[in-house]
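Visitor: Any chance you could fold what I've pasted below:
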Amino acid sequence: MYRSLFKHEWSLMWKSKKNVFFIIFLFLLMAGYCFIVLPDSKTVHTLDHEELEESIITNEPLIKSRLEKGYTGQNSFTKQAAYHMFTADNDRYSRLLYAYENDQASRYLQLKMLEPGYGISTFKMFEGSTYPYMDRMHFDYYTMMRYQALLNDERTLTFASLEQKTAVQLLEQLFMVGGPFLLFVAIYFSSDVLIRDRSHATLKQGFPISWYHTINVKSGVAFLYTLVVTLTLIGVGILMMIPLYGLGSLHLSIPYLTSYNDVALEQYDYMSMSEFLLQSVIFLVILLFLFVRLSMSASLLFKKSWLVMGSLTILLLFERVLRDRTSDTVFGVDVGYLPQTYFDFGKVAAHEMNYLFLTDSISFARGIIILGVLIMIVEAINWGLCKIRSKQRFFA
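Guide: Numbering: from 1, shown residues only. Sure thing, here's the model as predicted:
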């Protein structure tokens, strides 16, 4: 009977128009990003050919004019030689363009790093930040460490990896930035798993299975379905990116800050890409299961799918909306002990959440323990709700 219920629920999940349309939407969104947005996207890691070529063209008449007039020495007031500055700039720009156009990634990156701070960040990038100067310093050090890691292992160095466009690096960015959105997928798919049965009350009440076990089977199907869809879409996205920018390497090194008293270059260390992805996937699986079970709790309470989706979305975004970097506590509780902190699991796995709050209380091991305790609490709540809101009351 359990197998029959599982097959029945599995079939309903795949036939649901709501789910099918959402999957199509996610696929189109992913394809649009891979083939339209990403190829034209420019970041601080991307060489701006036009800007460099314009700079070379602008500097050439200035160099020629000063050479013809003999103005090649230092200015008596500024003590700087404009002729030599323009000449050095054009030489560097020309070598950067040559290395880039001839696919010499190692040479290009070496030239890019010759002048500290060249092409890494600007103050405009951190407008509105709580700590703009510190954030800029952290970004620059992080980028320099990442560049150095690529130079240390040239097997992983390509222009795609330099611009962070390989499939593995895009997966890293997805976990770092889009972790909560992946959890919303679980909320969306599971929000009506229990409630849709209210339209077939007579049929569903006929299953000779206890109410609590019925909910367990339904949430198990929803969890497995969400996991399959999520991993399949990620896999398809990786396959899309491989022909464009390559797979990338799991040996790539990711820098992270080890001490939060100050931001200094010597306080950074490396973790491997494989370690980051493993921790992120473990968090993802646990959190998907957690939100499916929370969806069952909300369904028993509200009996309306839109209320289930809305309440769980608020819970999901609670930490991000109320995030205050000036304090490492929320309502007097250390952020390292709040389950909501770990909903942004990519930043936790990359130790970036520690930097945001300048605390060492957030870790992978602590996150697993706290989420495990939360799951046990949710299980107890579900068991209690099944006793309070019996099958007959739920379908009434």
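Visitor: So, low pLDDT: which residues of the protein?
Guide: For the chain, residues meeting the criterion pLDDT under 70 lie at 59, 62-84, 115-119, 200-207.
Visitor: Assign the closest residue in space to Lys18 that isn't next to it in sequence to helix, strand or coil.
Guide: Closest residue to Lys18 apart from its sequence neighbours, by CB to CB, 6 or more residues apart in numbering: Asp192 at 7.2 Å. For glycine as for every other residue, the C-beta is placed from the backbone atoms N, C-alpha and C. Reducing the assignment at Asp192 to three states with DSSP: H, G, I helix; E, B strand; the rest coil gives coil.
Visitor: Touching, Asn90 and Glu60? I think so.
Guide: Yes - counting by CB atoms under 8 Å, Asn90 does reach Glu60; the two are 7.0 Å apart.
Visitor: More neighbours: which of the two?
Guide: For Asn90 against Glu60, the residue with the higher neighbour count under other CB atoms under 10 Å is Asn90, and the figures read 19 against 12.
Visitor: In terms of helices and strands, where is the more buried one?
Guide: helix 82-101 (DSSP states H and E).
Visitor: Identify each buried residue in that helix, please.
Guide: 82-83, 86-87, 89-90, 92-93, 95-97, 99-100 (16 or more other CB atoms under 10 Å).
Visitor: Same question for stretch 312-326.
Guide: Leu312, Thr313, Leu315, Leu316, Glu319, Arg323.
Visitor: Which residue ranges of the stretch 201-350 of the chain form strands?
Guide: According to DSSP state E, counting those that start in this stretch, the stretch 201-350 of the chain carries its strands in the segments 253-257, 268-272, 329-330, 333-334.
Visitor: Tell me which residues are up against the first one.
Guide: Outside strand 253-257, the residues within contact range by CB atoms under 8 Å, 6 or more residues apart in numbering are 138, 141-142, 145-146, 149, 152-153, 172, 263, 267-273, 276, 350-352, 354-355.
Visitor: Which of the buried residues of helix 82-101 sits closest to Phe123?
Guide: Each of the buried residues of helix 82-101 was scored against Phe123 by CB to CB, and Asp89 proved nearest at 21.5 Å.
Visitor: about what we covered before: return the most buried member of the strands of the stretch 201-350 of the chain.
Guide: strand 253-257 (a mean of 21; mean count of other CB atoms under 10 Å).
Visitor: in the longest helix seen in the chain, what's buried?
Guide: Among the segments of the chain that qualify as a helix by DSSP state H, the longest is helix 211-245. Judged by neighbour count using 16+ other CB under 10 Å, the buried positions of helix 211-245 are 211, 214-227, 229-230, 233-234, 237-238, 240-241, 245.
Visitor: Would you enumerate the residues in contact with Ala349?
Guide: Neighbours of Ala349 in contact, by CB under 8 Å, 6+ apart: Phe175, Phe276, Gln279, Ser280, Phe283, Phe364.
Visitor: For burial, what's the neighbour tally of the third one?
Guide: Neighbours of Gln279 under the rule other CB under 10 Å: 21.
Visitor: Share the number of residues neighbouring the closest residue in space to Arg95 that isn't next to it in sequence, please.
Guide: On the basis of CB to CB, 6+ apart, the spatially nearest residue to Arg95 that is not a chain neighbour turns out to be Leu111, at 5.5 Å. Neighbours of Leu111 under the rule other CB under 10 Å: 18.
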